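**Q** sequence first, predicted coordinates after that:
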Amino acid sequence: MAWILLVFAGLLEVVWAFGMKASHGFTRLGWSAITLAAMVASVGLLALAMRSLPLGTAYAIWTGIGALGAFIVGIVVLGEAATPMRLASAALILAGLVGLKLSAGD
């Protein structure tokens, strides 16, 4: 169950990262509210997951999901560049996340 909570926490991190961009520096009320709500929910789910997962693993997975998710949203939704170096770098982050999950021992 902790891993499921952690995945949802990471996905909510993607939501708040996109929301922060869409809020234009918290000048748009709707996007600002979505951003803040997603932040609170994301950290809350992370805290619940950390009840049974190691700190280093949980935090790294959480930030990794957020980073990769924001990277993908940037490319797909915002039209950011998908250069070979950026894609290779993202693949390295993904490899690190898989390695952490496989070595978690639970």
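**A** Sure, I can see it.
**Q** residue contacts, the most centrally placed residue in the chain?
**A** Geometric centre of the chain, nearest residue: Gly66, 1.4 Å, by C-alpha atoms, centre = their mean. Neighbour list for Gly66: 10, 13-14, 17, 42 [criterion: C-beta atoms under 8 Å, 6 or more residues apart in numbering]. Where you see a C-beta, it was placed from the backbone N, CA and C, and this is true even at glycine.
**Q** let's go with 10 Å and repeat that
**A** Contact analysis of Gly66 by C-beta atoms under 10 Å, 6 or more residues apart in numbering lists 9-17, 42.
**Q** from Ala17, how far out is it?
**A** 6 Å (C-beta to C-beta, to the nearest Å).
**Q** sorry, back to before: selecting buried members of the contacts of Gly66 in ChimeraX, what would you type?
**A** Selecting the buried subset of the contacts of Gly66 in ChimeraX, with 16 or more other C-beta atoms under 10 Å as the burial test, is done by:
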select :9,10,12,13,14,15,16,17,42
